[in-house]
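Student: Based on what follows, work out the 3D shape:
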Amino acid sequence: MSWERKYNREDIDYDTWYSDWSKLIAKTKSLAEIQKELGVVDAEVGSAAKSHLRAIEKSTSMQGNSSSRAQSKNTLVGASERKIAFNGALEIYELFPEHTKDKGE
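Tutor: Residues are numbered from 1 along each chain as shown. I've put the predicted structure just below:
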């Protein structure tokens, strides 16, 4: 997988661009672990999105099924944030290998 640095701005670097969560993942997990977990997270996001859409479709009013909608939305948001963090960690491996568990090995 090849990443291309798209930013071309001097004010964006490792310290300011990536979340603490992405940095932690990159420092504590190997590239293989991140790629494997990203596959799991992708599946979770897809499943959570379908579940949320089903909850919305079952609603007949604003109050109907509101707890189910809220719970499915929270699940989807959590899985999506996890996916963003793992994608950030994957990008750190490509662009800043010195800040990873494998240290560019």
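Student: rest of the way, CA atoms for contacts and neighbours
Tutor: Noted.
Student: Does the nearest residue to residue 99 once chain neighbours are set aside lie in a helix or a strand, and which?
Tutor: Distances taken as C-alpha to C-alpha, 6 or more residues apart in numbering put residue 27 closest to residue 99, at 6.4 Å, once the chain neighbours are dropped. In this structure, residue 27 is located in helix 20-28 according to DSSP states H and E.
Student: Show me which positions of the helix or strand just after that helix end up buried.
Tutor: Downstream of helix 20-28, the next assigned helix or strand under DSSP H and E is helix 31-58. Neighbour counts using 16 or more other C-alpha atoms under 10 Å place 31, 34-35, 37-38, 41, 44-45, 48-49, 51-52, 55-56 of helix 31-58 among the buried residues.
Student: Over to stretch 16-34?
Tutor: Using 16+ other C-alpha under 10 Å as the test for burial, stretch 16-34 gives 18, 21, 22, 23, 24, 25, 26, 27, 29, 30, 31, 34.
Student: Redo those residues as TSV? Include distance to residue 93 and pLDDT.
Tutor: TSV is the format used below for those (distance: C-alpha to C-alpha, whole Å; pLDDT from 0 to 100):
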residue	distance to residue 93	pLDDT
18	12	92
21	14	96
22	10	96
23	10	96
24	12	97
25	10	97
26	7	96
27	9	96
29	10	96
30	9	96
31	7	95
34	10	96
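Student: who touches the residue nearest to residue 48 when sequence neighbours are not counted in this structure?
Tutor: Distances taken as C-alpha to C-alpha, 6+ apart place residue 76 nearest to residue 48, at 4.9 Å, with adjacent residues excluded. By C-alpha atoms under 8 Å, 6 or more residues apart in numbering, the residues touching residue 76 are 45, 48, 49, 52.
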